[in-house]
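Novice: Fold the stuff below for me.
(chains A and B)
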Amino acid sequence: MSELLKPRVAIFKTSGINCDAETAYAFDLAGGSAEIVMGEDLRTGEKKLSDFQILTFPGGFSYGDDLGSGTVAALELDTYLGNQIERFKEKGLILGVCNGFQILTRSGLLPMGTLGERGATLDRNDNGKFVSRRVNLSVEPNNCVFLKDLSSTGPYEFQVAHGEGKLVMPPDIRKQVEVNGQVVFRYVNAEGLPTQEYPANPNGSEGAIAGICDPTGRILGLMPHPERSVSRSQYPNSRRLPESFVPEGLAIFQNMIEFARVGV
Amino acid sequence: MAICEIAVTRKEGLPDPRGNDVSLEANRVLGIRTDVTTATVYRVEGLDEEQAKLLAEKALIDPVTEEGSIGGNMAYAVAFVGDDFVHIDRNSKKTLEVAYKPEVTDPISETIGRAAGDLHLPLEAARVSTKYTFGSNITVQQASEIANRVLVNPTVQETVKKKPETLVIKGERGPVETISLADKTDRELDEISTQRKLHLNTEEMRVAQKEFERLGREATDVELEILGARWSEHCVHKTFNARVMTPNGEKRPLFGRIKDTSRQYFKDLVATAFEDNSGGMNFYDGTVVLVKWETHNSPSALDPFGGAATGSGGVFRDIMGTGKGAKVILSTDAFAVAPPGMDQKNLPPASIPPDNMLRGLVAGVRSYGNPMGIPTSNGSVHFHPDFAAKPTVLVGAYGITPEQYAQKGHPEVGDRVVAIGGRTGRDGIHGATVSSGARTEKTATADAAHVQIGNPIEEKKMADAILEARDKGLIRALTDCGAAGFSSAVGEMGEEIGVRVDISKAPLKYEGLSPWEIWISESQERMVLAIDPEQMEEFGAVCRRHGVEVTDLGEFDGNKKLTVTYEDEVVADLEYEFLLNGLPQRAMGAEFMREVFPEPEIEMPTDWVKTLKEVMSHGNVCSKQPIVEQYDTTVQGTNALAPFGGVNLDAPNDAVVIRPILDKPYGLVVSHGLNPILTRVDPERGAKWAATEAVSNLVAVGGDFREMVLCGNYVSPVPDRQYMGSLDIQVDSICAFQNALEVPVVSGKDSLSSTYTWPDGRKTHVPPVVSISTMGRIPDVEKTATSDFKREDSTIVMVGKGDKGMAGSTYFDTLGIVGNEVPDVDLEILPRVFDAIHSGIVSGEVKAAHDISEGGVIGAISEMCFGGGMGVELDIDIEEREDFFLFNETAGTFIVEVESSKKAAELFGSVPFKVLGRTTNGTEIKVTNKAKELFTADINELKEAWQAPMKALFH
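Specialist: Residues are numbered from 1 along each chain as shown, chains lettered A, B, ... in the order given. Now for the predicted structure:
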């Protein structure tokens, strides 16, 4: 694909973000053109979100997650970057992975798309610890504009690496999220069924929810790291996989790029 | 202004994982059963109540799960037990509040400042503490016990006794003192050294005395601190550079032997060695990979969490500060600690209990590597009661940099001396000198100032800024502020041409630091660079984008002197000629006297399964997965062979492989080996075992020993005649190993003060640790193997030459025996064994491989069964003792899975090998000898025993 036709992906980086390089690599691998954009450059106007089709909040420990994961970065979105984000989300696609999901949730963009109004939180894992391991995810029938067609596939094996990944929502919002097809991924057990059991569900997330989208389906957030499942060698059991195996994380990025290319 | 207090609690009915963990810990270590709930208490100064409320709602309280209250909600009754304050609330529940001591800078306070800034609030200062509320069923005394044993490390934390009146730390800067050394007697010189914690001996003080006599003036406090740090064991390795006087005559210094041996094998493999902050090997596509391991024993002995965290932070900066800057791509650790279950009576007074020690170390490493986004892998833990005296805490880091930036930079005359990163505080004063001294129960309080807490986010920002500046060609030279802070960093960078700095310019965490304190503070997350004055503006812009503070401290001035001023006052002015060459070379006596351990009669196991479970659940063998799972092993997306594999991802691999360049198949293979007890019994064989184990681990996953460099770290209790003798033997043994394999060492470190002096004068020496780590390169990460058995009905083969020695084995330890004959490694055969395994893996004929180490032959096979989720049938077919065969731990031997006996003969015909049996679709390990059944063990039961110890400790 010509460079000009490749959708441009902004990888948001601020103090403590640390999964920017591999997330940019995953988007490039999927046919996008990714650029790491410093929050500081968006503040000063050096860079503009309107130059991009996809905005991604990668994993990390933004501002040390000192006041709860993602809280201070979310405050940044709400205060300095509020106008830019509001304009961007009308046309663009937004992805948040791990700390990025936490930022989106703490900012209110997930689950309800309401910047500044929090509708859910990503709470401490039930066992109180940072957990780094592989998990299996089902792709639920969902209304995410770029992942709708994936629901017949899976389970997907992704890595989780977080201390605060338990999605908690007030009952009314939880109901809306379930009814609106906003649940995109759930943690599943060996039988492929959603589970509350550790370690298949690494954090005790309600309804085993691992990832959700907003009501428009343009904003997706998930705790597991699809960018750590884009090449065969990233699978700890790659030596047991068939030759024909296609790394599962790629599909997420490819679908997003494809939708941005055709759909915008 | 008044302080507002905001208490944030969990909403009714929601779980409180933090409280729950304390509850489990209180029950595990004290047998006290109580519910525990927690609250976070923020105190903010400079805000009125409305403003505090806005800050709380926007940044401190999560409306979904938490609720907050503003204003005092202290309980009405206060009880005092020892140093702890326990409050009793209206429902008779006991509460207490734990905080860092005021002088410890907590990164959370800075983050609150950031949030307040975004909200345009005039915050002056903030502090955070955690409030614990226990059930009404426990007594005030019990609450205090929980505080002491589970919650508070008194070195850095305290229970909050009353509301502070202000959070702003103020202080008066002290004047620069001058000290006359003229006409002082040796005793008086010693007194000066002791009083000022310089840790300089009489001879060294005399050298200083002579220099100031020559200069015709008194010394300043800053100058004495410069000498104390500059000439400390930590900085100049007096022992490793000393002449070695053995009963058979003088031998060359240890360091010289290591360098000379290694230089023969640099070839085109080594990019940089022995001159920079880490050692480097040429990788692929014009890149260089780097390795450095460090010890952080002294700080960790006082505060395992802070010590391990800042140890990691420090070794990362060693990588970041190599050449003209490098990226850290892997973090690792190896701990030698006392067993968690050890009787309190046998612990030194005022020492950290072993379980708290290990939990703290793990939390420390986790708290630094994870936020920095550096995968942490390939660690190990070793247990021995004598490490209660002082733990051995090794932290390692690996990096990558383009080859044009890999060589150490040299400042030029006129370059600016630039400090970047965190601010300077009083933390870590005298770390360099204290870590070079012995430990007593008084060390616990007297040297508390040298404990620091880390701020990984500060370091992450700095790391990113350095890489951007490097790629723009803005860095002439750089180094990290480690031991002795600016004194070492600026002092070392200036040594070729001379340097002049004004330390009044250094940004401080709080007021009141005297010049000498600024100069030697070991505040973390700081680095010093040499920047061309023409490029200062661009360099400053790069740092600002990353939120990194930049300070111009002075100039590399070409005067061949180290000149330090505070504003216009000269506070130190010393010639490099004296600093570098003034210290006389030491001559150290070395004579190792072997300790002879009892050799009781050993009966053959009657209940084999029980014996096997004892070995598998031994600390040195048991699964460390509950530790590894707390480390992010996969960040950066580079992992290509994980620490655990197999059907349930719970079988340990021998090494890790990462793919540091994401779009290339090149692999970096990393492993290490150490066994303190073997080195105590037999320094020659013990050191050889460690090196062989390190390389075996690398080879077992598919590494090639010809494409590899080593890093050697030595921890010795004290450089006396006995232990100097041991070091002398260890170093010779490693050199012999290097000669046999023709491999270079490129980096390393020594730490020679792991001795504890009891109040009654008795001394405990920790077992000497020689830790060898590897860094290898392979062209394709796909051509590697994991340890889990892959197929049913495969042939299981033991490859390599086992030795009959059993001393120091896990099996012996479970019987309470040390023994005297450490297993020997045959260096003639070893390279061929390594080659055979390597070729078998590259060709794909070896389906699974595991090196034999702690736990022995049967331990290795058990782990391979856990991974494969399958059983084995073995017939060991031997004449000698079955227990000695099955539990033998000779390094350089392997268990591999191949298709058939025929294949085994093809692959291993040129080296010792033995077919042991076949994999089965069952769940049992069945062992016979010459068809006579020895035992049958269920792998699930074994696995449970093997997993239990660390699961219990890290619940």
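
Novice: can you count the residues close to whichever residue of the stretch 151-300 of chain B sits closest to chain A?
Specialist: Closest contact between the stretch 151-300 of chain B and chain A, by Cβ to the nearest Cβ, is at residue B:151 (14.4 Å). Placement of C-beta: from N, CA and C, glycine included. Look at residue B:151: counted by other Cβ atoms under 10 Å in any protein chain shown, it has 19 neighbours.

Novice: Assign a three-state SS to the residue lying closest to it once chain neighbours are set aside, would you?
Specialist: Nearest residue to residue B:151 in three dimensions, chain neighbours excluded: residue B:98, at 5.2 Å (Cβ to Cβ, 6 or more residues apart in numbering or on different chains). At residue B:98 the chain is in strand, as set by DSSP: H, G, I helix; E, B strand; the rest coil.

Novice: So residue B:98 versus chain A, what's the distance?
Specialist: 16 Å (Cβ to the nearest Cβ, to the nearest Å).

Novice: that older thread, how about the contacts made by the residue of the stretch 151-300 of chain B closest to chain A?
Specialist: Residues in contact with residue B:151, defined by Cβ atoms under 8 Å, 6 or more residues apart in numbering or on different chains, are B:22, B:96, B:98, B:132, B:157.

Novice: got the residues of the stretch 301-450 of chain B near chain A?
Specialist: B:366, B:370-373 (Cβ under 8 Å from any Cβ of the partner chain).

Novice: any idea how far the residue nearest to residue B:151 is from residue B:168?
Specialist: According to Cβ to Cβ, to the nearest Å, residue B:98 stands 22 Å off from residue B:168.

Novice: Of those two, which one has the most company?
Specialist: More crowded of residue B:98 and residue B:168, by other Cβ under 10 Å: residue B:98, with 19 against 13.

Novice: what about the helix of greatest length in chain B, distance to the chain center?
Specialist: Secondary structure of chain B read by DSSP state H shows that its longest helix is helix B:721-741. Distance of helix B:721-741 from the chain centroid (Cα atoms, centre = their mean, to the nearest Å) equals 23 Å.

Novice: tell me which strands and helices that helix is in contact with?
Specialist: strand B:243-246, helix B:254-263, strand B:587-589, helix B:683-700, strand B:708-715, strand B:769-778, helix B:830-842 (3 or more Cβ pairs under 8 Å, 6 or more residues apart in numbering or on different chains; DSSP states H and E).

Novice: and among those, the most buried is which?
Specialist: Most buried of the helices and strands packed on helix B:721-741, by mean neighbour count (mean count of other Cβ atoms under 10 Å in any protein chain shown): helix B:683-700, with a mean of 29.

Novice: and the helix or strand residue B:69 falls within, which residues are buried?
Specialist: Of the helices and strands defined by DSSP states H and E, residue B:69 is found in strand B:66-70. Neighbour-count burial for strand B:66-70 flags B:66, B:68, B:70 (criterion: 16 or more other Cβ atoms under 10 Å in any protein chain shown).

Novice: ok, back up a step: what about the residue of the stretch 151-300 of chain B closest to chain A, distance to residue B:163?
Specialist: Going from residue B:151 to residue B:163 by Cβ to Cβ gives 20 Å.

Novice: so what's residue 240 up against?
Specialist: If you meant another chain, say so; for now it's chain A. Residue A:240 touches B:647, B:790, counting by Cβ under 8 Å, 6+ apart.

Novice: looking at chain B here, not the other one
Specialist: Residue B:240 neighbours (Cβ under 8 Å, 6+ apart): B:253-255, B:714, B:750.

Novice: Nearest residue to the residue of the stretch 851-955 of chain B found nearest chain A in space, ignoring adjacent ones along the chain?
Specialist: Using Cβ to the nearest Cβ, the single residue of the stretch 851-955 of chain B nearest to chain A is residue B:954, 7.7 Å away. Closest residue to residue B:954 apart from its sequence neighbours, by Cβ to Cβ, 6+ apart: residue B:626 at 3.9 Å.

Novice: element containing the one you found, please.
Specialist: For residue B:626, the host element (DSSP H and E) is helix B:625-628.

Novice: now that helix: how far from the chain's centre is it?
Specialist: Its chain's average C-alpha position is 16 Å from that of helix B:625-628, according to Cα atoms, centre = their mean.

Novice: Which strands or helices does it pack on?
Specialist: Packing partners of helix B:625-628 (3+ Cβ pairs under 8 Å, 6+ apart): helix B:939-953.

Novice: returning to what we had before: next secondary structure element downstream of the helix holding residue B:626?
Specialist: Downstream of helix B:625-628, the first helix or strand assigned by DSSP H and E is strand B:639-641.

Novice: how about the longest strand along chain A: buried residues?
Specialist: Assignment by DSSP state E gives strand A:131-139 as the longest strand of chain A. Residues of strand A:131-139 classed as buried by neighbour count (16+ other Cβ under 10 Å): A:131-139.

Novice: Mind checking what helix or strand follows it in sequence?
Specialist: Next element after strand A:131-139 (DSSP H and E): strand A:156-162.

Novice: can you pull up the bridge partners for residue B:10?
Specialist: In this entry, residue B:10 is beta-bridged to residue B:66, by DSSP bridges.

Novice: Just give me the neighbour total for it.
Specialist: Neighbourhood size, residue B:10 [other Cβ under 10 Å]: 21.

Novice: Ok, residue B:525 next?
Specialist: 28.

Novice: if I look at it, how far off is residue B:620?
Specialist: Counting by Cβ to Cβ - residue B:525 and residue B:620 are separated by 34 Å.

Novice: Over to residue B:830?
Specialist: As for residue B:830, its distance to residue B:620 is 23 Å (criterion: Cβ to Cβ).

Novice: who are the neighbours in contact with the residue in chain A that chain B sits nearest to?
Specialist: Taking Cβ to the nearest Cβ, chain B has its nearest neighbour within chain A at residue A:18, 2.4 Å off. Counting by Cβ under 8 Å, 6+ apart, residue A:18 makes contact with A:58-61, B:371-373, B:460, B:635.

Novice: if we can go back for a sec, quick one: average confidence on the longest helix of chain B?
Specialist: Mean pLDDT, helix B:721-741: 98.

Novice: quick check: angle from that helix to helix B:683-700?
Specialist: When axes from the mean of the first three to the mean of the last three Cα atoms, to 10 degrees is applied, the directions of helix B:721-741 and helix B:683-700 differ by 40 degrees.
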